[in-house]
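J.: what shape does this take:
(chains A and B)
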2 protein chains.
Amino acid sequence: MGVSLKDVALRAGVSAKTVSNVVNNYPHIRPGTRERVQRAIDELGYRPNATARHLRTGRSGIIALAVPELGNPYFADLAAAVIDAAAHHGHTVLLDHTAGLRANETLVSRGFRSHLIDGLILSPIQLENEDLLRRPDGPPLVLLGEREYDAPYDHIAIDNVAAARLAVRHLIDLGRRRIAFVGARRESLRQPAHLRLRGWREEILRAGGTPSDDLVVATDGYDRADGAAAMTRLLALSEPPDAVFAYNDLVALGALRVLAERGLRVPQDVAVVGFDDIEDGRYAGVSLTTVAPDKAAIARLAVDCLITRIEAAPARAPFVPRRILPGHTLVVRESTTGRATAHD
Amino acid sequence: MGVSLKDVALRAGVSAKTVSNVVNNYPHIRPGTRERVQRAIDELGYRPNATARHLRTGRSGIIALAVPELGNPYFADLAAAVIDAAAHHGHTVLLDHTAGLRANETLVSRGFRSHLIDGLILSPIQLENEDLLRRPDGPPLVLLGEREYDAPYDHIAIDNVAAARLAVRHLIDLGRRRIAFVGARRESLRQPAHLRLRGWREEILRAGGTPSDDLVVATDGYDRADGAAAMTRLLALSEPPDAVFAYNDLVALGALRVLAERGLRVPQDVAVVGFDDIEDGRYAGVSLTTVAPDKAAIARLAVDCLITRIEAAPARAPFVPRRILPGHTLVVRESTTGRATAHD
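T.: Numbers count the residues shown, from 1 in each chain, chains lettered A, B, ... in the order given. Next comes the predicted model:
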């Protein structure tokens, strides 16, 4: 009791600002300094009074990140990147998984933990525009991902149409003519996959082909099991595809697994392209060609955006939602060009 | 301002307890009730005063989970299970990744966020016993994983020696005689993999074999890249192994990738067993035989244990550390018995 930040600074022989940086776990503190400050904290029994700070500033230093599935390596990678980016601003991240369900996404977006958090980054799957429009005043919200909304919130997402066209063009350049799209969803007009599906359609038309509805397979989710089920259906067609563009890498890996079970050769019989560039694809038995969104940039931009909103919040200036497009690349591996020619 | 929990209860036509349950996101609330309470909260502009509650009870309703790597699907699965288990107790989970570094693990175990959290679940890699013994009084701590400590903290881990013996026995039963262990670590006497390594050694001896140090490969980490590098080294031996038991599935998947690149057949030339039962292994080109720890039980036991400690904390009764062993199974797939005979 009664031990202050200044007492700790005095004992450690550093500035109060440095103690604050250590307490808030800022990066880029020299290990020796961190150690000295930590020792002074231990010796004096100092307990940073976040509650008092919270009452004073109205801020907790916590932001929330809500993703559909922590088990999907894409979101695990993204979460790790967001935690790093938030640490640069001295913020802690509270992680939430919504299972991609509208009820959970609505609950999270409405800020059922708004008493804990300064702001929220949400990657929605089923959330509808009306859910966002009905959102009461709450902590700043930044949206991620392919769903597009007509609501006053910042949104960070790569150009999904362009990225999908890049993938499909690669397959067309390799001479593929029956290119399937796996991962459409039925339940919503504004379905999550609609931009990638549009890219698939546009690129086939541009090449003078005819996008065939037979080759668009809806899935219940975006897991390996969904990809495996979809591939099984495609192989039952009288004229199966010679290429698959999958909504994400997990779906693509499920498709690859079924092709292996059937003894079909990848890419000779069927070429496969995924989306996300997760590590699993890099080490698959046949390594996976994929669209790689710039995850570090997505995380950094989302956190920067959110922090700006948090700091501007009291001003409540006219709100102009920002739309930010981080970059993407196509990473070519064995699943489209075979073992001899491609290796990364 | 001035809107109380009771006002919300009155408007929603439910008890104050029910409002509290909704605000704290307890499970098992009927959707209709949750909806009604949420509407009343929105209409009245009620903001639950967690800060006041925190000051009153000294508890935040938050527990922290610190894992070495969120990008490892094992820890992503575990985190999802802990979030579910914590929600059953009305607790929110703050996720932390330590990158398996001693400095970070020490920092986390010392509770640098102890002003935010009621308790901590930590899965350490490099943390040493002395780090734990020097830990100042802080929120309750529950340890997970293979590292064993002589310190007064609860510890939840499967029987790693027995689990490793089960894996090695399976390989011996299949006639394998040169069984490598991949994933030993050099830097510490109490190395994280020591129990699995001991199981490997004991089982080979039991079968009348000789554990050969040539076949024990140290790795820098536990990623696919580490498994790939280790497999490359094993294949350079004058007498390469006919089986590999890997510290975890990621390491095993890296080994599988190198075997595929070299055109070696799995399991005919080299059989492979992993550890963790992550989904990646189930869908690998050659599906992976693996030891499956009961992740749901680990998460449930860890959270139950921690909550008990949190609730008992003020009493400070004589502390008897608990050692709890959840179950495990061996899941046999193609990487040991081939495509024809095993399929799950």
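J.: measure A:Asp150 to chain B for me?
T.: Distance, A:Asp150 to chain B, using C-beta to the nearest C-beta, to the nearest Å: 21 Å. From N, CA and C alone the C-beta is placed, and that goes for glycine too.
J.: hang on, that residue packs against A:Leu143?
T.: No: counting by C-beta atoms under 8 Å, A:Asp150 does not reach A:Leu143; the two are 11.8 Å apart.
J.: what helix or strand is the closest residue to chain B within chain A on?
T.: Residue nearest to chain B within chain A (C-beta to the nearest C-beta): A:Gly285, separated by 2.5 Å. Using DSSP states H and E, A:Gly285 sits within no helix or strand.
J.: and the pLDDT at the nearest residue to A:Ser212 once chain neighbours are set aside?
T.: In space, and not counting its chain neighbours, A:Ser212 is closest to A:Arg178: 7.6 Å by C-beta to C-beta, 6 or more residues apart in numbering or on different chains. A:Arg178 is assigned a predicted lDDT (pLDDT) of 97.
J.: which residues touch A:Arg178?
T.: A:Arg178 makes contact with A:212, A:215, A:239-243, according to C-beta atoms under 8 Å, 6 or more residues apart in numbering or on different chains.
J.: how about A:Leu256?
T.: So A:Leu256 contacts A:227, A:266, A:272, A:284-286, A:288, A:335, B:283, B:285 (C-beta under 8 Å, 6+ apart).
J.: can you tell me the SS state at it?
T.: Under DSSP: H, G, I helix; E, B strand; the rest coil, the three-state class of A:Leu256 is helix.
J.: follow-up on the earlier one: how about the residue of chain A closest to chain B, nearest residue that isn't a chain neighbour?
T.: B:Gly285 (2.5 Å).
J.: tell me if I'm right that the one you found and A:Tyr283 touch.
T.: No: using C-beta under 8 Å as the test, B:Gly285 is too far from A:Tyr283 to be in contact (10.2 Å).
J.: can you pull out the helices in the stretch 51-200 of chain A?
T.: Secondary structure of the stretch 51-200 of chain A by DSSP state H, counting those that start in this stretch: the helices cover A:73-88, A:102-109, A:129-133, A:160-173, A:194-206.
J.: break chain A down into its domains, please.
T.: A:5-43, A:58-157+A:295-325, A:160-293+A:330-341 (automatic domain parsing).
J.: nearest to B:Pro31, of the ones you listed?
T.: Checking the domains of chain A against B:Pro31 by C-beta to C-beta gives domain A:58-157+A:295-325 as the closest, at 7.0 Å.
J.: for A:Leu101, what are its contacts?
T.: A:125-126.
J.: what's the end-to-end length of stretch A:265-285?
T.: 12 Å (C-alpha to C-alpha, to the nearest Å).
J.: output the contacts of A:Arg178 as a markdown table; include the columns neighbour count.
T.: Formatted as a markdown table, the contacts of A:Arg178 follow (neighbours: other C-beta atoms under 10 Å in any protein chain shown):
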| residue | neighbour count |
| --- | --- |
| A:Ser212 | 15 |
| A:Leu215 | 21 |
| A:Glu239 | 9 |
| A:Pro240 | 18 |
| A:Pro241 | 26 |
| A:Asp242 | 18 |
| A:Ala243 | 25 |
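J.: looking at those, which are in strands?
T.: The strands, defined by DSSP state E, take in A:Ala243 from the contacts of A:Arg178.
J.: restricted to helices, list the contacts of A:Arg178.
T.: Within the contacts of A:Arg178, no residue falls in helices by DSSP state H.
J.: mind putting the contacts of A:Arg178 in TSV, distance to B:His88 and pLDDT included?
T.: Output for the contacts of A:Arg178, formatted as TSV (distance: C-beta to C-beta, whole Å; pLDDT from 0 to 100):
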residue	distance to B:His88	pLDDT
A:Ser212	48	94
A:Leu215	44	96
A:Glu239	51	96
A:Pro240	46	97
A:Pro241	45	98
A:Asp242	49	98
A:Ala243	45	98
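J.: dihedrals phi and psi, the residue nearest to A:Gly285?
T.: phi -50, psi -50 (degrees, to the nearest 10).
J.: what do you get for A:Gly263?
T.: According to degrees, to the nearest 10, A:Gly263 has phi 80, psi 20.
J.: residue contacts, it?
T.: With the criterion set at C-beta under 8 Å, 6+ apart, A:Gly263 makes contact with nothing.
J.: that older thread, quick one: the residue nearest to A:Gly285 from A:Asp226, how far?
T.: 18 Å (C-beta to C-beta, to the nearest Å).
J.: just to be sure, A:Tyr222 is in a helix?
T.: No: assigned with three-state DSSP, A:Tyr222 falls outside any helix and is coil.
J.: residue contacts, the residue lying closest to it once chain neighbours are set aside?
T.: Nearest residue to A:Tyr222, sequence neighbours excluded (C-beta to C-beta, 6+ apart): A:Asn248, at 5.3 Å. Listed by C-beta under 8 Å, 6+ apart, the contact set of A:Asn248 reads A:72, A:74, A:183, A:222, A:274-276.
J.: sitting in strands, which of these do you find?
T.: Those of those lying in strands (DSSP E): A:183, A:274-275.
J.: give me the number of residues near A:Thr210?
T.: 7 (other C-beta atoms under 10 Å in any protein chain shown).
J.: equivalent analysis for the one 3 residues further on, please.
T.: Neighbour count of A:Asp213, defined by other C-beta under 10 Å: 7.
J.: now do the strands in the stretch 201-344 of chain A.
T.: Remark: strands assigned in the stretch 201-344 of chain A by DSSP state E, counting those that start in this stretch are A:216-218, A:243-246, A:271-275, A:289-293, A:323-324, A:328-331.
J.: state the pLDDT value of the residue nearest to A:Leu44 when sequence neighbours are not counted.
T.: Nearest residue to A:Leu44, sequence neighbours excluded (C-beta to C-beta, 6+ apart): A:Val3, at 4.8 Å. Here the pLDDT value assigned to A:Val3 is 73.
J.: thinking again about what came up before, and A:Ile29, which of the strands of the stretch 201-344 of chain A is closest to it?
T.: Taking the strands of the stretch 201-344 of chain A one by one with C-beta to C-beta, strand A:323-324 is closest: 29.8 Å.
J.: tell me which other helices or strands the closest one touches.
T.: strand A:154-156 (3 or more C-beta pairs under 8 Å, 6 or more residues apart in numbering or on different chains; DSSP states H and E).
J.: adjacent strands (with direction) for the strand it packs on?
T.: strand A:141-144 (parallel), strand A:323-324 (parallel) (DSSP bridges).
J.: rebuild the ones you listed as CSV, extending it with mean neighbour count.
T.: Converted to CSV, those look like this (neighbours: other C-beta under 10 Å):
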stretch, mean neighbour count
strand A:141-144, 25
strand A:323-324, 13
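J.: out of those, which comes closest to A:Leu205?
T.: Smallest distance to A:Leu205 across the strands paired with strand A:154-156 (C-beta to C-beta): 25.8 Å, for strand A:323-324.
J.: contacts for stretch A:293-311?
T.: Taking C-beta under 8 Å, 6+ apart as the rule, stretch A:293-311 contacts A:59, A:63, A:74, A:77-78, A:81-82, A:84-86, A:88-89, A:91, A:118-121, A:139-140, A:142, A:144, A:154, A:156-158, A:163, A:275-277, A:322, A:324, A:326-329.
J.: list only buried entries from those residues.
T.: Buried members of these, counted by 16 or more other C-beta atoms under 10 Å in any protein chain shown: A:59, A:63, A:74, A:77-78, A:81-82, A:84-86, A:89, A:91, A:118-121, A:139-140, A:142, A:144, A:154, A:156-158, A:163, A:275-277, A:324, A:326, A:328.
J.: what mean pLDDT does the top helix by length along chain A have?
T.: The longest helix of chain A (DSSP H) is helix A:295-312. In this model, helix A:295-312 has a mean pLDDT of 93.
J.: show me what counts as buried in it.
T.: Per 16+ other C-beta under 10 Å, helix A:295-312 contains these buried residues: A:295-307, A:309-310.
J.: in PDB, could you pull the C-alpha coordinates for it?
T.: Taking Å, rounded to 0.1, in the frame of the first residue of the first chain, the C-alpha atoms of helix A:295-312 are listed here in PDB:
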ATOM      1  CA  LYS A 295      -1.700 -10.500 -42.400                       C
ATOM      2  CA  ALA A 296       0.900  -8.300 -40.600                       C
ATOM      3  CA  ALA A 297      -0.500  -5.300 -42.500                       C
ATOM      4  CA  ILE A 298      -4.100  -6.200 -41.800                       C
ATOM      5  CA  ALA A 299      -3.300  -6.500 -38.100                       C
ATOM      6  CA  ARG A 300      -1.300  -3.300 -37.900                       C
ATOM      7  CA  LEU A 301      -3.800  -1.300 -39.900                       C
ATOM      8  CA  ALA A 302      -6.700  -2.600 -37.800                       C
ATOM      9  CA  VAL A 303      -5.000  -1.800 -34.500                       C
ATOM     10  CA  ASP A 304      -3.800   1.700 -35.700                       C
ATOM     11  CA  CYS A 305      -7.300   2.400 -37.000                       C
ATOM     12  CA  LEU A 306      -8.900   1.400 -33.700                       C
ATOM     13  CA  ILE A 307      -6.500   3.300 -31.500                       C
ATOM     14  CA  THR A 308      -7.100   6.400 -33.600                       C
ATOM     15  CA  ARG A 309     -10.800   6.000 -33.000                       C
ATOM     16  CA  ILE A 310     -10.400   5.300 -29.300                       C
ATOM     17  CA  GLU A 311      -8.300   8.500 -28.900                       C
ATOM     18  CA  ALA A 312     -10.700  10.600 -30.900                       C
END
